[in-house]
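**Q** Coordinates for the following, if possible.
(one chain, ligands or ions: 2)
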Amino acid sequence: MRHYLIPNEGKFFKVNLHVHTNISDGSLSPERVKEIYKANGYSAVAFTDHQIMLPHPELNDEDFIAITSVEYAKNKGSYMLLPSTHFNVYAKDQAAEVFPFFHPEGFWGAIKHAMDYRTEKMINFEPRTFGYGPEELNKVIKECNEAGFLVCFNHPKGSLQNYRDYGGLKGLWGMECYNTGAAHEGYEDDMDPIDDLLTEGERKVFPIAADDAHGEGDCCGGWVMVKAERLEYSLLMDALEKGDFYASTGIEIYDLYIENNVLHIECSEVDEITLHTPIRFRKSIKSKDGEKLTSWDIDISPLIDTCRENYDSLTKDTYFRLDLRTDDGKRAHTRGFFVDEIKD
Ligand SMILES: [Zn+2]
Ligand SMILES: [Zn+2]
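**A** Ligands and ions are numbered 1, 2, ... in the order given. Predicted coordinates for the structure are as follows:
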């Protein structure tokens, strides 16, 4: 039986899940952000201004959705010297009238703007502080999840994060594997922190490529391609929540399914595809003699058989995922698919 890992039905929508406007420390107005992204083929943008969650229903039209969201930040101490944790929170319900909380820590002028907007638009405005570190963050993630929000851990490298900062986190929905703003500053994020959490048995932690745009120069570098029935807020958020998407900085994935233990991918031209697993089973294929790759069939029986034989051991949390790259630096990443998701 053919098991689609990205749904066969529906349509792909290009989405940027991280942008700042002049409501916090960005230079572009929300209207200008919409204009730029629409002109570049995007169907949705999450407005993640610092500390303040402002819905932008006025920007919706039949070809565009403004996702209600916010970026929270917690510094360990001196911003220049020590790590900080940034995370985005996305409302599953666009009208989200209950904001998770207001986190009044200074951030590049965002607070002043937040206070200006507070009286006009915000409904629930509970100030909330929390400490630094995974234990404190877990409480916040839990609260956000319970209130109907998806939580994404942002730009781990750009925030000087290592395993001490994110190990043991529970309930994340996503983690940035690419952040255009951070990449422009020389911080290339990667998939390692996501693998760290997947191997701890966290089943989501989907890879997110996003811009974190603060101005026009950071726009349209990384995105997610979401497969949904049609462009509607709740359908788009459902698809995101389920993981029906892949992250990209320029590569397209057209098809991804498994049939008789053979994983099949079809994509735009690439130079390398790698199958990652946390056990001793990894494979990759490279373009040869200028002949680009546009598909790959991978027999993953050894992975599936190993899991079935050891189903009650650690390997029950075994997953696989695909990385794609071109020689000129474009990438795409699928999420991790756990073997018991596809068992017959
Ligand atoms: Zn940030
Ligand atoms: Zn940001």
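**Q** how close does the residue of the chain found nearest ligand 2 sit to ligand 1?
**A** Residue of the chain nearest ligand 2, by CB to the ion: residue 212 (4.2 Å). From N, CA and C alone the C-beta is placed, and that goes for glycine too. Residue 212 sits at a distance of 6 Å from ligand 1 (criterion: CB to the ion, to the nearest Å).
**Q** Phi, psi for that residue please.
**A** phi 50, psi 40 (degrees, to the nearest 10).
**Q** Now do residue 146 against residue 92, distance only.
**A** Distance of residue 146 to residue 92, given as CB to CB, to the nearest Å: 12 Å.
**Q** Likewise for residue 261?
**A** 35 Å.
**Q** Kindly report the same for residue 297.
**A** From residue 297 to residue 92 the distance is 36 Å (CB to CB).
**Q** Check residue 29 too.
**A** 26 Å.
**Q** More neighbours: which of these two?
**A** Between residue 29 and residue 92, residue 92 has the larger neighbour count (other CB atoms under 10 Å), namely 18 against 12.
**Q** For the stretch 1-150 of the chain, which residues are neighbours of ligand 2?
**A** Residues of the stretch 1-150 of the chain lying close to ligand 2 by CB under 5 Å from the ion are residue 71.
**Q** what does the stretch 1-150 of the chain put close to ligand 1?
**A** residue 86.
**Q** What's the nearest residue in the stretch 1-150 of the chain when you look at ligand 1?
**A** For the stretch 1-150 of the chain, CB to the ion, closest residue to ligand 1: residue 86, 3.4 Å.
**Q** What residues does the residue lying closest to that residue once chain neighbours are set aside make contact with?
**A** Counting by CB to CB, 6 or more residues apart in numbering, residue 154 is the residue found nearest to residue 86 once chain neighbours are left out, at 4.1 Å. Residue 154 makes contacts with 18, 71, 86, 87, 88, 176, 179, 212, as judged by CB atoms under 8 Å, 6 or more residues apart in numbering.
**Q** that's a strand at the third one, yeah?
**A** Put plainly, it is residue 86. Yes. According to DSSP: H, G, I helix; E, B strand; the rest coil, residue 86 belongs to a strand.
**Q** Look at it and report its pLDDT.
**A** We have a pLDDT of 95 for residue 86.
**Q** Confirm for me that it is in contact with residue 157.
**A** No. Using CB atoms under 8 Å, residue 86 is not in contact with residue 157; the gap is 11.6 Å.
**Q** Which one's more surrounded, those two?
**A** A count of neighbours by other CB under 10 Å puts residue 86 above the other of residue 86 and residue 157, at 25 against 19.
**Q** was I right about residue 202 contacting residue 175?
**A** No. Assessed by CB under 8 Å, residue 202 is found out of contact with residue 175, at 9.6 Å.
**Q** between these two, which one's more packed in?
**A** Counted by other CB under 10 Å, residue 202 and residue 175 do not tie: residue 175 has more neighbours, with 28 against 19.
**Q** Averaged pLDDT, the helix or strand where the more buried one lies. What do you get?
**A** Secondary structure from DSSP states H and E places residue 175 in strand 174-179. Here strand 174-179 scores 98 as its mean pLDDT.
**Q** So is it next to ligand 1?
**A** No. Residues of strand 174-179 contacting ligand 1 under CB under 5 Å from the ion: none, with a closest distance of 7.8 Å.
**Q** List of residues touching the helix or strand just after that strand?
**A** Downstream of strand 174-179, the first helix or strand assigned by DSSP H and E is helix 180-184. Helix 180-184 has contacts (CB under 8 Å, 6+ apart) with 155, 157-158, 188-189, 210-214, 217-222.
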